[in-house]
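>>> I need the structure of the sequence given here:
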Amino acid sequence: MLLTRYRQHIPLVTCGAQCHNASKINACQPSVHPHWSIILTLYGIKNCDTVRKARKWIENHQLPVHFHDFRDDGLRQEDLEFWCKASGWETVFNKRSTSFRALSDANKTDIDQAKAIQLMLAQPTLIKRPVLVVGEHVLIGFDEAGYKRVFSL
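Numbers count the residues shown, from 1 in each chain. All right, here's what the predicted structure looks like:
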């Protein structure tokens, strides 16, 4: 997992108290924790095992989050550009995926950020999952220890 700070902003701070009013995963609208002024959005594919682990971890810690499924909800180029700028396109673009192995040799060579973004827009399964956006932080992949650090748990 990689945590990147894209632009300066107020650091993520929790209220210090157990918040039992936080709603569970909300798949309808971006969520703001009642004691944080930060929107949490988890991007991925609902049938991906790693995304399931991340969603379960988030639900177990009662963190309100908007889940955005690439297949059901689509994907915006602006989001991919933000993630690539924050984390580097090499981190976001999953060369170990089955989708990458299925690409033609022409698509596998001479990949730069622009080409990677176009490929990910065409085939969202090329994105390393999940992508958690916490304010202006971008976390690529799921790592329980990393999530604990980010949320001060």
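>>> all contacts plus neighbour counts: C-alpha atoms, from now on.
Noted.
>>> now do the contacts for the most centrally placed residue in the chain.
Geometric centre of the chain, nearest residue: residue 131, 1.3 Å, by C-alpha atoms, centre = their mean. Listed by C-alpha atoms under 8 Å, 6 or more residues apart in numbering, the contact set of residue 131 reads 42-44, 138-141.
>>> which among those end up buried?
Taking 16 or more other C-alpha atoms under 10 Å as the criterion, what is buried in the contacts of residue 131 is 42-44, 138-141.
>>> what's the separation between the residue nearest to the centre of the chain and residue 109?
When distance is defined by C-alpha to C-alpha, to the nearest Å, residue 131 is 25 Å away from residue 109.
>>> same check, this time on residue 96
15 Å.
>>> the contacts of residue 131: which two are farthest apart?
Maximum pairwise distance in the contacts of residue 131, criterion C-alpha to C-alpha, is 13.2 Å, between 44 and 138.
>>> wait, is residue 64 part of a helix?
No. Counting by DSSP: H, G, I helix; E, B strand; the rest coil, residue 64 falls outside a helix, being coil.
>>> burial of it, as a residue count?
By other C-alpha atoms under 10 Å, the residues close to residue 64 number 23.
>>> give me the number of residues near the residue nearest to residue 84 when sequence neighbours are not counted?
Among residues not flanking residue 84 along the chain, residue 92 sits closest, at 6.4 Å (C-alpha to C-alpha, 6 or more residues apart in numbering). Residue 92: 26 surrounding residues under other C-alpha under 10 Å.
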